[in-house]
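1. below is the sequence, then the predicted model.
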Amino acid sequence: MLIEKAKVMTAQDMERILKRMSHEILERNHGLENMIIVGIQRRGVYLANRLGGILAHFESTRVPSGVLDITLYRDDLTLLHDQPVVHSTSIPNDVNARKILLVDDVLYTGRTIRAAMDALMDLGRPASVQLAVLVDRGHRELPIHPDYIGRTIPTSKNEVIEVRVSELDGKDEVVICERGEG
Amino acid sequence: MEWKHRHVLDLDTWERPDLQHILEQARSMDELLDRPIKKVPALRGKLVVNLFFEASTRTRVSFELAEKFLSADVVNWSASGSSTGKGETLRDTAWTLEAMGADAVVIRHGAVGAADYLARKLKKSVVFNGGDGAHSHPTQALLDLYTAWKKIGPLEGKKVAMIGDVLHSRVARSDIIAFSKMGSSVVLSGPATLMPRSVEALGATYDENPRSAVRDADIIYLLRIQKERQDEGMFPSLDEYHQLFGFDAALLKHARPDALVMHPGPINRGVEIASDVADGSQSMILGQVRSGVAIRMALLFVYLGGVRQ
């Protein structure tokens, strides 16, 4: 049972944060040349689409995007409670020698990103991989550090950060929940 | 998603959402088959034993590929040249495999119920039925469903015409169950001597005339005619069988123009299927082989990939 404790990001906050992150991405990369935005299933995919849309608007150019499912690369399958479900992976372009911008909703232990990098490397040899996350909640178990952070939210391990996106959840928001009894 | 089945023995206890889940998982696995590196680490450290008491090429090789693509460790145990040849019983073989730490056993056996028996003897390992006698071949039925679903979408309301030796075919029985559960109708055709006594109990109907059986069909499923059946007097000759029931371009005209032609393999050219149809644009026979790898990856991952309560 998850008990909702606090809303930490509204739809408007999220939009502003994604715009700021887009500026940072453009500043760091001097544009969008050679870049592919890759969202990690599932909510990373929607955030990647948002970032892609904002970047395209700022630069008046399309940036290719793809989705990555990391279920088959996870190292924690035996710790899950539910039957893991494999979703689609689809990256339309060859990743070789491209700059990959990985996008996920929450960065926590870093294990998802480790799995995502393994999955990416099996698809080719990117020139570089950068990481953008909407929320960094700490508690890293691997030496992984994001390049672009929406917001850093310190949490306890008993808390859960829920990023909600309108496409899946009906609205855009981020809430902190606490694992309760039952 | 909670998966309630412990083994893959038969599809008679499966419900449509179970079938649908496996089809969708197979589609995700199918994408892997187009990649330069097809191997993923999902089943690293899992041991799968392929236990084949009967000859098999497609089932054995596609299971083995599926296991390898998911990074499981694979042991192939064939009846000849193993302790089975020295008279070991299936029960003792089962216990031996479990003692070796097998997480899953794929079994192909000539006796009906062999997979079921193995499942009852094994405490921990998952059993995949790779075909038991004339009873069941669930992974074949799933790969057939997947092949058709991938090509034409939802199978509800589709017509499947199945022609050939239904009586001796575990593929026929499993496919009839699987397609019926997805909402397709199944019409059987072939010599009456090769039909089970009550096809209605299987959920199908029988039409002796292959032309009317095939009429407006979305899927034509041909079954292998085993040459031994001629010696048993089930039909006069292979030539005559081909004249009456062999599937050729003339018969294909009675089906829907975009109908799929399927066959579990190995095919007998010029007996149950003419070469022009087997190699024609509507033939899914090689597509079925590819589907076989994807569906077995999906099954292996669903059964071995997560926690088991």
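-> Yep, it's here. Numbers count the residues shown, from 1 in each chain, chains lettered A, B, ... in the order given.
2. quick one: mean pLDDT over the biggest helix by length in chain A.
-> Ranked by residue count, the top helix of chain A under DSSP state H comes out as helix A:11-29. Per-residue pLDDT values over helix A:11-29 give a mean of 98.
3. what do you get for stretch B:262-274?
-> Across stretch B:262-274, the average pLDDT comes to 96.
4. return it as CSV; C-alpha atoms alone will do.
-> Extracted in CSV, the C-alpha atoms of stretch B:262-274 (Å, rounded to 0.1, in the frame of the first residue of the first chain):
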residue,chain,number,x,y,z
MET,B,262,0.6,-22.8,-42.6
HIS,B,263,2.3,-26.2,-41.9
PRO,B,264,4.2,-27.4,-38.8
GLY,B,265,6.9,-29.0,-40.9
PRO,B,266,8.6,-31.0,-42.1
ILE,B,267,6.6,-30.8,-45.3
ASN,B,268,6.0,-33.6,-47.7
ARG,B,269,6.0,-31.9,-51.1
GLY,B,270,3.5,-33.4,-53.5
VAL,B,271,1.5,-35.1,-50.7
GLU,B,272,-0.3,-32.8,-48.3
ILE,B,273,1.0,-29.7,-50.0
ALA,B,274,2.1,-28.8,-53.6
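5. so where is chain A shaky, pLDDT-wise?
-> Residues of chain A that meet the criterion pLDDT under 70 lie in A:77-81, A:181-182.
6. all strands for it, in order.
-> Secondary structure of chain A (DSSP state E): strands located at A:2-9, A:35-40, A:65-68, A:99-107, A:128-136, A:148-152, A:159-164, A:173-179.
7. which of the ones you listed sits closest to B:Phe63?
-> Closest approach to B:Phe63 among the strands of chain A is made by strand A:65-68 (27.5 Å; Cβ to Cβ). (Each C-beta comes from the backbone N, C-alpha and C, glycine too.)
8. still on that earlier bit, who are the packing partners of the longest helix of chain A?
-> The helices and strands touching helix A:11-29, judged by 3 or more Cβ pairs under 8 Å, 6 or more residues apart in numbering or on different chains; DSSP states H and E, are helix A:43-59, strand A:128-136, strand A:148-152, strand A:173-179.
9. show me what the residue nearest in space to the middle of chain A is bridged to.
-> Taking Cα atoms, centre = their mean, the centroid of chain A lies closest to A:Asp104, which sits 0.6 Å from it. For A:Asp104, the beta-bridge assignment (DSSP bridges) gives partners A:Val133.
10. wait, it sits on A:Gly44?
-> Yes - between A:Asp104 and A:Gly44 there is a contact under Cβ atoms under 8 Å: 4.0 Å.
11. just to revisit the earlier point, what's the most buried one of the helices and strands packed on helix A:11-29?
-> Of these, the one with the most neighbours on average (mean count of other Cβ atoms under 10 Å in any protein chain shown) is strand A:128-136, at a mean of 22.
12. contacts for it next, please.
-> Here strand A:128-136 makes contact (Cβ atoms under 8 Å, 6 or more residues apart in numbering or on different chains) with A:9, A:14, A:17-18, A:21, A:25, A:28, A:47, A:51, A:99-107, A:113, A:117, A:120, A:144-153, A:161, A:163, A:174.
13. next, the angle from that strand to strand A:2-9.
-> Orientation check (axes from the mean of the first three to the mean of the last three Cα atoms, to 10 degrees): strand A:128-136 against strand A:2-9 gives 110 degrees.
14. how about the CA coordinates for strand A:128-136, as PDB?
-> Extracted in PDB, the C-alpha atoms of strand A:128-136 (Å, rounded to 0.1, in the frame of the first residue of the first chain):
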ATOM      1  CA  SER A 128      28.600   9.100 -26.200                       C
ATOM      2  CA  VAL A 129      25.700   8.500 -23.800                       C
ATOM      3  CA  GLN A 130      24.300  11.300 -21.700                       C
ATOM      4  CA  LEU A 131      21.600  10.900 -19.000                       C
ATOM      5  CA  ALA A 132      18.600  13.100 -18.300                       C
ATOM      6  CA  VAL A 133      16.300  12.400 -15.400                       C
ATOM      7  CA  LEU A 134      13.300  14.300 -14.100                       C
ATOM      8  CA  VAL A 135      14.000  13.400 -10.500                       C
ATOM      9  CA  ASP A 136      17.200  12.300  -8.700                       C
END
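15. near chain A, which residues of chain B show up?
-> Within chain B, the positions near chain A by Cβ under 8 Å from any Cβ of the partner chain are B:1-3, B:25, B:27-29, B:31-32, B:35-37, B:39-42, B:70, B:298, B:301-302, B:305-307.
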